[in-house]
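please work out how this folds:
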Amino acid sequence: MSRPAPSFELLPGADDSPVILHVPHSAREIPADVRAGIVLDDEALERELDHIVDAHTAHIAARAAALAGTAPWRFVNRLSRLVVDPERFPDEREEMLAVGMGAVYTRTTHKDVLRAVDHDPEPLIERYFRPYARAMTDAVAERLAATGRAVIVDVHSYPAEPLPYELHGAGPRPPVCLGTDAFHTPPELVAAARRAFGDDVGLDSPFSGAYVPLEYYGTDPRVSALMVEIRRDTYMTEPGGPAGAGLERLAESLATLVTAVPR
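Numbering: from 1, shown residues only. Next up, the predicted model:
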């Protein structure tokens, strides 16, 4: 395989900001050679992208960065999560392997076949997953060196109605779900998010956890993390449709959260 162009982008913020807005699932792009390994026809693939992509979240993060009192850094995935999902564990620790959605997906949101059963995930993990993980690790290291800490805020979205692949889809689906980690999510970060998003906030349902690079995961308390999952019907037409007026309100709320993080 030829060496690809970078599949992600680190967009700089203020030198004294510890915040990294992480946007891993907003893109639809799939390189042609990766597309060749996906068994869906073009129409079915577009439908799957409509369901799986966290549409417009890169725009929400960009608007929030522009509105925040101190500009955060942004780490944005420029390829679809159907290439690799950079937030999954790349091994047996990943619970989503149970539905064919580890670091390299083999099943769709509706549990249909996405890749052949004998598909080898290692070339995609080597080509895309590991460079992404190294770059995100470096971005966190740079914030630690510059400010003494790093605060990762994951920007996601999720559908109003549960999809068949969801392992925990039976619980509440609030307008904004905050995903937390027992080690990396301090109470004051959750409190700041509750103030920023108001009464629309729920906790760890239908999705929980927060992304931290494995080098720091569970060991370095200087790295904080919070996942912000926005229910899609609050800002866009589902599935995969245009954004609406709710996008700006959510960007303002996210900017409020970013501004509330002390420097």
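
now the helices for the stretch 51-200 of the chain?
Ranges of helices in the stretch 51-200 of the chain, per DSSP state H, counting those that start in this stretch, are 57-67, 122-124, 130-147, 187-197.

ranking these by burial, who's on top?
Greatest average neighbour count among those goes to helix 57-67 (a mean of 21), per mean count of other Cβ atoms under 10 Å. The C-beta positions use only the backbone N, C-alpha and C, and glycine is treated the same way.

which strands or helices does that helix pack on?
Judged by 3 or more Cβ pairs under 8 Å, 6 or more residues apart in numbering; DSSP states H and E, helix 57-67 is in contact with strand 19-23, strand 73-77, strand 150-158, helix 246-260.

out of these, which comes closest to residue 216?
Among the helices and strands packed on helix 57-67, strand 150-158 comes nearest to residue 216, with 8.1 Å by Cβ to Cβ.

closest one to residue 200 among the helices and strands packed on helix 57-67?
Comparing the helices and strands packed on helix 57-67 by their distance to residue 200 (Cβ to Cβ), the top pick is helix 246-260, with 8.6 Å.

what about the stretch 1-150 of the chain, any weak spots by pLDDT?
The model of the stretch 1-150 of the chain has pLDDT under 70 over residues 1-5.

any idea how far residue 112 lies from residue 90?
23 Å (Cβ to Cβ, to the nearest Å).

of the helices of the stretch 51-200 of the chain, which is nearest residue 235?
Closest approach to residue 235 among the helices of the stretch 51-200 of the chain (Cβ to Cβ): helix 57-67, 7.6 Å.

who's in contact with the closest one?
For helix 57-67, contacts defined as Cβ atoms under 8 Å, 6 or more residues apart in numbering pick out 11, 13, 21, 23, 25-27, 71-72, 74, 76, 155-157, 230, 235, 243, 247-248, 250-252, 254-255, 258.

only alpha carbons, please: show it as CSV.
Extracted in CSV, the C-alpha atoms of helix 57-67 (Å, rounded to 0.1, in the frame of the first residue of the first chain):
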residue,chain,number,x,y,z
THR,A,57,-20.0,17.4,15.0
ALA,A,58,-16.8,18.8,13.5
HIS,A,59,-18.8,22.0,12.7
ILE,A,60,-20.1,22.1,16.3
ALA,A,61,-16.6,21.8,17.6
ALA,A,62,-15.3,24.5,15.2
ARG,A,63,-18.0,26.9,16.2
ALA,A,64,-17.4,26.2,19.9
ALA,A,65,-13.7,26.9,19.4
ALA,A,66,-14.4,30.2,17.8
LEU,A,67,-16.8,31.2,20.5
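
one step back: out of the contacts of helix 57-67, which end up buried?
Among the contacts of helix 57-67, those classed as buried by 16 or more other Cβ atoms under 10 Å are 11, 13, 21, 23, 25-27, 71-72, 74, 76, 155-157, 230, 235, 243, 247, 250-251, 254-255, 258.

who's more crowded, residue 112 and residue 90?
Taking other Cβ atoms under 10 Å, residue 112 and residue 90 do not tie; residue 90 has more neighbours (19 against 13).

ok, that one touching residue 103?
Yes: at 4.5 Å, residue 90 and residue 103 qualify as touching, with contact defined as Cβ atoms under 8 Å.

shared neighbours, these two?
With contacts taken as Cβ under 8 Å, 6+ apart, residue 90 and residue 103 have 125, 129 as neighbours in common.

residues touching residue 161, list them.
Residue 161 sits next to residue 173 when contact means Cβ under 8 Å, 6+ apart.

so residue 198 makes contact with residue 253?
Yes: look at residue 198 against residue 253 with Cβ under 8 Å: they come within range, at 7.4 Å.

okay, those two: which has more neighbours?
The residue with more neighbours, out of residue 198 and residue 253, is residue 253; 23 against 12, by other Cβ under 10 Å.
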